[in-house]
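# prediction below, plus the sequence it came from.
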Amino acid sequence: MICCDVFVKKPYLIAIIVIGVLLIFVVLNELTLLTFLNEPLNKLVSGTPIKSCSVDSDCKKIPLTTCTGCACTPIIVNKDWNTYCPFKGPGIQCQCAIIDQTKVKCIDNLCTSVSNKNPV
């Protein structure tokens with residue numbers, strides 16, 4: 001086998017190739033060219049947002065359940081659920097005019113938001 005003989009005779013080539021591939025990934029991440037991988041990885045690792053709860057402290061607000069875009073209205077999920085976005089994003093600044101005026105509550109074993117004006 002010609003290809004394998006090269007690596008047996010010169011084992012440092014494997015290290016050079018591995019380092020080269022890692023450097024390519026680092027550069028692509030810094031240029032935000034790997035962000036398209038965030039969404040499938042988020043769905044695979046995190047799955048569907050969990051909204052189950054027992055008490056109010058089981059719930060939290062998060063800005064997004066996905067790795068892309070902006071959400072001016074936070075999403076209410078279980079405190080143990082998180083998005084998984086390993087690759088650097090484009091750094092979009094969200095401009096939201098509405099200030100969130102809600103609290104999180106556990107109602108019927110589901111995390112929900114309740115207006116501060118009319119507490120339950």
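Thanks, I have the structure now. Numbers count the residues shown, from 1 in each chain.
# list the contacts of the closest residue in space to D80 that isn't next to it in sequence.
Spatial nearest neighbour of D80, chain neighbours left out: I50 (6.9 Å); criterion: C-beta to C-beta, 6 or more residues apart in numbering. Where you see a C-beta, it was placed from the backbone N, CA and C, and this is true even at glycine. By C-beta atoms under 8 Å, 6 or more residues apart in numbering, the contact list for I50 reads V77, N78, D80, W81.
# host element of I50?
Of the helices and strands defined by DSSP states H and E, none includes I50.
# show me what stretch 104-120 is in contact with.
Residues contacting stretch 104-120 (C-beta under 8 Å, 6+ apart): 51-56, 58-61, 74, 76-78, 101-103.
# keep only those of those that are in strands.
Counted as lying in strands by DSSP state E, out of the contacts of stretch 104-120, are C59, K60, K61, I76, V77, N78, T102, K103.
# give me the nearest residue to the first one, chain neighbours excluded.
Which is C59. Here the residue nearest C59, using C-beta to C-beta, 6+ apart, is C111, at 3.6 Å.
# thinking again about what came up before, closest to F25 among the contacts of I50?
W81 (27.4 Å; C-beta to C-beta).
# doesn't L37 make contact with C67?
No: applying C-beta atoms under 8 Å as the test, C67 and L37 come out as separate, 9.1 Å apart.
# the two: which is more packed in?
C67 (21 against 15; other C-beta atoms under 10 Å).
# for K88, see how far away that one is.
Distance of C67 to K88, computed by C-beta to C-beta, to the nearest Å: 11 Å.
# okay, and the common contacts of those two?
T35.
# hmm, back to that, what's the helix or strand for the residue nearest to C59?
Going by DSSP H and E, C111 is part of strand 110-115.
# buried ones in that strand?
C111, T112, S113 (16 or more other C-beta atoms under 10 Å).
# show the average pLDDT along the helix ranked longest in the chain.
Scanning the chain for the helix with the most residues, using DSSP state H, yields helix 12-30. The average pLDDT within helix 12-30 is 92.
# quick one on the thing from earlier: wait, which of the ones in strands among the contacts of stretch 104-120 is closest to I24?
Once C-beta to C-beta is applied, the member of those that ends up nearest I24 is V77, at 34.9 Å.
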